[in-house]
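1. sequence first, predicted model second:
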2 protein chains.
Amino acid sequence: MALTSADAPRPARVSGIDKIERRRVALAESALKTLGELGYARTSLREIANNSEFTHGVVHYYFRDKIDLISYCVRYYKTKCAQRYDEVVETATSADELAVGFLGKMTQTLVEETPMHRLWYDLRAQSMFEEQLRDDVAAIDQLLEQMIWRILTRYAELIGGTPTVDAPTAYALIDGLFEQAVVGYAADPDRVPDLLTDRVSQVLPKLIAA
Amino acid sequence: MALTSADAPRPARVSGIDKIERRRVALAESALKTLGELGYARTSLREIANNSEFTHGVVHYYFRDKIDLISYCVRYYKTKCAQRYDEVVETATSADELAVGFLGKMTQTLVEETPMHRLWYDLRAQSMFEEQLRDDVAAIDQLLEQMIWRILTRYAELIGGTPTVDAPTAYALIDGLFEQAVVGYAADPDRVPDLLTDRVSQVLPKLIAA
DNA sequence: GACTTTGCTGGACAGTTGTCAAGAAATCTT
DNA sequence: AAGATTTCTTGACAACTGTCCAGCAAAGTC
């Protein structure tokens, strides 16, 4: 959130490479907005440019080609997911507090950043067909897995037990529930957040053994 | 599996509507092959026609437009998934036998029908952006959920316990593991099937209470 | 065999796509 | 202020897209 493109009316004088990086970030944010709305298949470079303050030529000035842009977007998006639950993990002093905090943030991001999550699952599916995306997608998956693992081990610690599944398994399970919620949210937004909360809080204890 | 297009060298004389349906099925099978290879985003009607014995004009003779074709494909694909594990469920006489049979079929379909599964997760992601696909995708999800539920309840029955989660939760969990395997299979096919087996067999017992 | 219906072909269409490049504009350097 | 460099605009391009249709071939009907 530190680097937005709107912090200065005129493009602030920044030294060299930093300025290029700023433009890249601004373009990536615009692109992510459009991608989240339309999905990978329906998003063209011109559409991205139209929904931004730039023209379609600029995109090719800062990115080699379309995949380069999308790939950059994925990598940029990664930094937003990394520490989403870190504060909750660090401040919680009981298992319940951790669970409540985690579930709260989870449903919050589900509701408030729906397009981003839609896009994530879209891109992960695309990565199965385009190897150029695979590494970046795998890196994010790794990051998310570590995030879930941090939460689960801390949860076990507070309860006084240990996890009964490894990190990839735990991530796949929670992610399955979350993706179900994201897909369901597109069709019927009303009941989904509560259902997600119920289900995750039902599953979490099953992954810990006293 | 009953209706393939190759069972007669010359188009067998079939009465009226049936013949149309046969052509539809043949086109759908061709389309599914291409879709599974390239994914939704990269598949064009011409590509579908090229990889088949038909010309691109025929597609529009049998389907109103692209979405109509894809939608038909999804619905056709559905019939293949429905009863994949039914035999295992019906013949298993112990929990272990059921688990082994289920896991065997699961890894088998993962390996042998990878493109289909890739496509499924792709299409489910697309359904978040195109409402026209939503109903068909939701129907398949429902079907898969029931399939998992049948397996889990039978598994519980054989163990002498009862499930501790509801059907949607159980499906989301198992599906999370399976999708992880499908995505991972694209990058590194070797170890994935065994990992999937391990993880699912670790999770299954946790969903049953004595 | 003549005629109608059905099935299919192959080309044409208008629109969109990613990519590129020539030059204008803004910025920096001296 | 003049020249050099970076940044951006604009228009063009070839390729590809979904869609449509005029015409042809085959099958069915009388």
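-> Yep, it's here. Residues are numbered from 1 along each chain as shown, chains lettered A, B, ... in the order given.
2. the one residue in chain A that gets nearest to chain B and residue B:121, how far apart?
-> In chain A, the residue that lies nearest chain B is residue A:176 (2.0 Å; Cβ to the nearest Cβ). Just so you know, the C-beta spots here come from the backbone N, C-alpha and C atoms, and that holds for glycine as well. Residue A:176 sits 12 Å away from residue B:121, taking Cβ to Cβ, to the nearest Å as the criterion.
3. which residues do the two both contact?
-> residue B:179 (Cβ atoms under 8 Å, 6 or more residues apart in numbering or on different chains).
4. which residues of chain A lie near DNA strand C?
-> A:10-11, A:13, A:43-47, A:56-57, A:59-60, A:64-67 (Cβ under 7 Å from any atom of the strand).
5. so which of the residues you listed also contact chain B?
-> Filtering the residues of chain A next to DNA strand C for proximity to chain B by Cβ under 8 Å from any Cβ of the partner chain leaves nothing.
6. confidence-wise, which of those residues comes last?
-> Across the residues of chain A next to DNA strand C, the smallest pLDDT goes to residue A:10, namely 33.
7. burial of residue A:68, as a residue count?
-> Close neighbours of residue A:68, defined as other Cβ atoms under 10 Å in any protein chain shown, add up to 14.
8. buried set for the lengthiest helix in chain A?
-> Longest helix of chain A, by residue count under DSSP state H: helix A:131-159. Neighbour counts over helix A:131-159 (16 or more other Cβ atoms under 10 Å in any protein chain shown) mark A:133-134, A:136-138, A:140-141, A:144-145, A:147-149, A:151-156, A:158-159 as buried.
9. let me see the mean pLDDT of it.
-> 96.
10. could you see whether chain B lies near it?
-> Yes: Helix A:131-159 is in contact with chain B by Cβ under 8 Å from any Cβ, via A:134, A:137, A:138, A:141.
11. can I get those in a markdown table with distance to residue B:18?
-> A markdown table is the format used below for the residues of helix A:131-159 next to chain B (distance: Cβ to Cβ, whole Å):
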| residue | distance to residue B:18 |
| --- | --- |
| A:134 | 44 |
| A:137 | 44 |
| A:138 | 47 |
| A:141 | 46 |
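12. please identify which of these is nearest to residue B:31.
-> Distances from residue B:31 to the residues of helix A:131-159 next to chain B, taken as Cβ to Cβ, are shortest for residue A:134 (25.0 Å).
13. how much space separates that closest one from residue A:148?
-> Distance of residue A:134 to residue A:148, computed by Cβ to Cβ: 21 Å.
14. how about the host helix or strand of residue A:173: buried residues?
-> Assigned by DSSP states H and E, residue A:173 belongs to helix A:167-187. By neighbour count on 16+ other Cβ under 10 Å, the buried set for helix A:167-187 is A:167-186.
15. could you give me the ChimeraX selection string for whichever of the residues of chain A next to DNA strand C are buried?
-> Selection of the buried residues among the residues of chain A next to DNA strand C in ChimeraX, burial being defined by 16+ other Cβ under 10 Å:
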select /A:43,45,47,59,66
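16. mind listing what the residue nearest the centre of chain A touches?
-> For chain A, the residue nearest the mean C-alpha position is residue A:81 (4.5 Å; Cα atoms, centre = their mean). With contacts defined as Cβ under 8 Å, 6+ apart, residue A:81 is in contact with A:140, A:143, A:144, A:147.
17. show me where chain A has its helices.
-> A:17-38, A:45-50, A:56-62, A:66-81, A:86-91, A:95-112, A:114-126, A:131-159, A:167-187, A:192-203.
18. of all these, which one is nearest residue B:89?
-> For these, proximity to residue B:89 was assessed by Cβ to Cβ; helix A:167-187 is nearest, at 21.4 Å.
19. got the angle for the closest one vs helix A:192-203?
-> Helix A:167-187 and helix A:192-203 meet at an angle of 160 degrees, taking axes from the mean of the first three to the mean of the last three Cα atoms, to 10 degrees as the criterion.
20. and helix A:167-187, what does it pack against?
-> When contacts are defined as 3 or more Cβ pairs under 8 Å, 6 or more residues apart in numbering or on different chains; DSSP states H and E, helix A:167-187 sits against helix A:95-112, helix A:114-126, helix A:131-159, helix A:192-203, helix B:131-159, helix B:167-187, helix B:192-203.
21. return the member of the contacts of residue A:81 nearest to residue A:190.
-> Out of the contacts of residue A:81, the member with the shortest distance to residue A:190 (by Cβ to Cβ) is residue A:144, at 26.4 Å.
22. sorry, back to before: farthest pair within the residues of helix A:131-159 next to chain B?
-> Going by Cβ to Cβ, the pair spanning those furthest: A:134 and A:141, at 10.3 Å.
23. roughly how far does residue A:125 sit from residue B:117?
-> Residue A:125 sits 11 Å away from residue B:117, going by Cβ to Cβ.
24. who's more crowded, the two?
-> The residue with more neighbours, out of residue A:125 and residue B:117, is residue A:125; 27 against 22, by other Cβ under 10 Å.
25. just the closest residue of chain A to DNA strand D, please.
-> Nearest residue of chain A to DNA strand D, counting by Cβ to the nearest atom of the strand: residue A:57, 2.6 Å away.
26. now for the residue nearest to residue A:23 when sequence neighbours are not counted: which residues touch it?
-> Among residues not flanking residue A:23 along the chain, residue A:62 sits closest, at 5.6 Å (Cβ to Cβ, 6 or more residues apart in numbering or on different chains). The neighbours of residue A:62, taking Cβ under 8 Å, 6+ apart as the test, are A:20, A:23, A:24, A:27.
27. so the last one touches residue A:55, yeah?
-> The reference is to residue A:27. No: applying Cβ atoms under 8 Å as the test, residue A:27 and residue A:55 come out as separate, 11.3 Å apart.
28. of these two, who's got more company?
-> residue A:27 (25 against 11).
29. show me what contacts the more buried one?
-> Residue A:27 touches A:48, A:52, A:54, A:58, A:59, A:62, A:63, A:69, counting by Cβ under 8 Å, 6+ apart.
30. check what pLDDT it gets.
-> pLDDT at residue A:27 comes out at 95.
31. from residue B:196, how far off is it?
-> In terms of Cβ to Cβ, residue A:27 sits 39 Å off from residue B:196.
32. do residue A:43 as well
-> For residue A:43, the distance to residue B:196 - Cβ to Cβ - is 32 Å.
33. what's the burial count for residue A:111?
-> Neighbour tally, residue A:111, other Cβ under 10 Å: 13.
34. kind regards, and thank you for your time.
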